[in-house]
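Trainee: Please work out how this folds:
(one chain, ligands or ions: 1)
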Amino acid sequence: MDVMLELETRRQAAREGGGQRRVDAQHGKGKLTARERVELLLDEGSFEEFDMFVAHRCTDFGMETDRPAGDGVVTGWGTINGRMVYVFSQDFTVFGGSLSETHAKKICKIMDMAIQNGAPVIGINDSGGARIQEGVASLAGYAEVFQRNIMASGVVPQISLIMGPCAGGAVYSPAMTDFIFMVKDSSYMFVTGPDVVKTVTNEVVSAEELGGASTHTKKSSVADGAYENDLEMLAEARRLFDFLPLNNRQKAPVRPFFDDPARIESSLDTLIPDNPNQPYDMKELIHKIADEGDFFEIQRDYAANIITGFVRLEGQTVGVVANQPMVLAGCLDIDASRKAARFVRFCDAFEIPILTLVDVPGFLPGVAQELGGVIKHGAKLLFAYGEATVPKVTVITRKAYGGAYDVMASKHLRGDFNYAWPTAEIAVMGAKGAVEILYRSELGDKDKIAARVKEYETRFANPFVAAEKGFIDEVIHPQSTRKRVARAFASLRGKKLSNPWKKHDNIPL
Ligand code: HXC
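Mentor: Reported below is the predicted structural model:
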């Protein structure tokens, strides 16, 4: 009986983390504890803990007298809606969640198992960074984690939840995972904090401005989503998880659906305004195509001229990439290209089919874009689409001009189904621009130019020239888009396509 008692006593001590005072301080900041977060993230009662009794081995700075069980991180596995996931959750109440040699070993252990057994890893980050008392042993621990992030990339999905400080080199572990979520006001990420910034560059900046959720979801694009509090984030992480496969050898889960795949949406017939320069909300189309209108958006607040996220069709996950005419007229620019390229590569790595909705007047012109390297960044999206071997279905709703036509999952980049609405305009450029180049000498004569524009529009501002060449497989009624797209993906479930052997490609990074 004594041993049973000892087990319970030890377990209880481990569960208490850094003690009630520190737990209260954590709650006082509006943050849940490491264990509370795991409980909420996973299905009730599903968590199986590893290494609850692991303690650090540091003997410097009097650390030998303070060896809390678990060493500042809770690790193990459990399920989300019945599907397996490995989890680590840093405990800020124990040495500020700082990473020691043994803390790192615990994380590495579950990452190794995740890679071997084919289940995703969700990391909950809440840490003061490298355990200062351990010096280089802690840095080594980080690098061991980094190496595993890299090995796991493209093998199992990795999700990082930033729920407290994440600073110094520590940010590079989340940075190499597939998705990063941040909690508003209580989390931040930066390589060097405000004090160091002040010393080195004389810039005065708050932690929030430098690395808060708003900064990283709106400006830097480091993070993919910002949430109000711990509860909302954990619920959303579960929602995202449900869209994803467990690993790169399995398909995403098929969920029961209660939405007719052949559902007709008459309202889509009038989605495109009569005036070609008037915007409309592409999200309306996404919601109307999706099962039950459910859309999980990735990077909603960054480069809103392109939309990325997940929907389901007939219960199966589909990645959506769509130009948004409401922002910058839906132009592709540096930010949009980077955002969408990363999303397309995630989908391709994990066998998630891609639906592309196109209304793009071209690449955004401008000195800033050219000097910023739009050539190379735009090429990322082109490259990502071209190398992707997953089923690709494209619908052109309106404009598909110039290079952007090619980029947006065109037939020529191995698009499987390339549909166009009757309102599609597929051309090298818009009519006005084209006429100004072709008929420069007539520019003084307004009537003549108007007639030329009309002529150009009649000839090219439609989907039929492309359809005659077979670049568009079919011109479809907008109202039947869900049905056509769902059938297309259904027909592609057996698709097998591979690229030539290579060690790896050289995507223009
Ligand atoms: C050891 C740490 C710690 C650390 C915090 N603590 N950070 N212990 N190593 N890195 C401990 C504190 O001593 C304190 O212990 C408890 O955690 C809570 O810390 P507070 O400072 O009281 O909390 P708060 O005021 O909320 O401030 C949080 C913080 C601050 C902003 C994170 O603690 C901080 O600045 N820590 C140092 C951050 C840092 O410089 N880390 C190294 C970065 S370099 P008690 O016993 O009082 O509860 C790095 C390199 C990684 O990480 C490289 C990878 C390649």
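Trainee: From here on, just use CA atoms for contacts and neighbour counts.
Mentor: Noted.
Trainee: which residue sits closest to Tyr419, ignoring its sequence neighbours?
Mentor: Val395 (4.6 Å; C-alpha to C-alpha, 6 or more residues apart in numbering).
Trainee: average pLDDT for the strand or helix carrying the one you found?
Mentor: Val395 is part of strand 392-401 when elements are defined by DSSP states H and E. Per-region confidence: strand 392-401 scores 97 on mean pLDDT.
Trainee: which helices and strands sit right next to the helix or strand following it?
Mentor: Where DSSP H and E defines the elements, the next helix or strand beyond strand 392-401 is helix 402-407. Identification of packing neighbours for helix 402-407 by 3 or more C-alpha pairs under 8 Å, 6 or more residues apart in numbering; DSSP states H and E yields helix 374-387.
Trainee: now this protein, which segments are flagged as low pLDDT?
Mentor: 1 (pLDDT under 70).
Trainee: For the residue of the chain found nearest the ligand, give me its contacts.
Mentor: The minimum distance from the chain to the ligand, using C-alpha to the nearest ligand atom, falls at Gly96 (3.1 Å). The contact partners of Gly96, by C-alpha atoms under 8 Å, 6 or more residues apart in numbering, come to Gly72, Asp126, Ser127, Gly128.
Trainee: could you redo the last one with a cut-off of 6 Å?
Mentor: Ser127, Gly128 (C-alpha atoms under 6 Å, 6 or more residues apart in numbering).
Trainee: Repeat that for the one 4 residues further on.
Mentor: When contacts are counted by C-alpha under 6 Å, 6+ apart, Ser100 is found next to Arg131, Ser138.
Trainee: how about the helices in the stretch 101-250 of the chain?
Mentor: 101-117, 136-152, 172-175, 194-201, 207-211, 213-214, 230-243 (DSSP state H, counting those that start in this stretch).
Trainee: actually the stretch 251-400 of the chain, not the one I wrote
Mentor: According to DSSP H, counting those that start in this stretch, the helices that the stretch 251-400 of the chain contains are 282-289, 334-349, 367-371, 374-387.
Trainee: Mean neighbour count added to those helices, as TSV?
Mentor: What follows is the helices of the stretch 251-400 of the chain, written out as TSV (neighbours: other C-alpha atoms under 10 Å):
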stretch	mean neighbour count
helix 282-289	20
helix 334-349	23
helix 367-371	12
helix 374-387	22
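Trainee: before we move on, back to that, what sits up against the strand holding Val395?
Mentor: 354-362, 415-421, 423-429.
Trainee: ranking the helices of the stretch 101-250 of the chain by burial, who's on top?
Mentor: helix 213-214 (a mean of 26; mean count of other C-alpha atoms under 10 Å).
Trainee: got JSON lines for the helices of the stretch 101-250 of the chain, with distance to Gly82 too?
Mentor: JSON lines is the format used below for those (distance: least, C-alpha to C-alpha, whole Å):
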{"stretch": "helix 101-117", "distance to Gly82": "16"}
{"stretch": "helix 136-152", "distance to Gly82": "22"}
{"stretch": "helix 172-175", "distance to Gly82": "25"}
{"stretch": "helix 194-201", "distance to Gly82": "42"}
{"stretch": "helix 207-211", "distance to Gly82": "35"}
{"stretch": "helix 213-214", "distance to Gly82": "30"}
{"stretch": "helix 230-243", "distance to Gly82": "10"}
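Trainee: Out of the ones you listed, which gets nearest to Glu387?
Mentor: Comparing the helices of the stretch 101-250 of the chain against Glu387 with C-alpha to C-alpha, the closest turns out to be helix 136-152 (20.3 Å).
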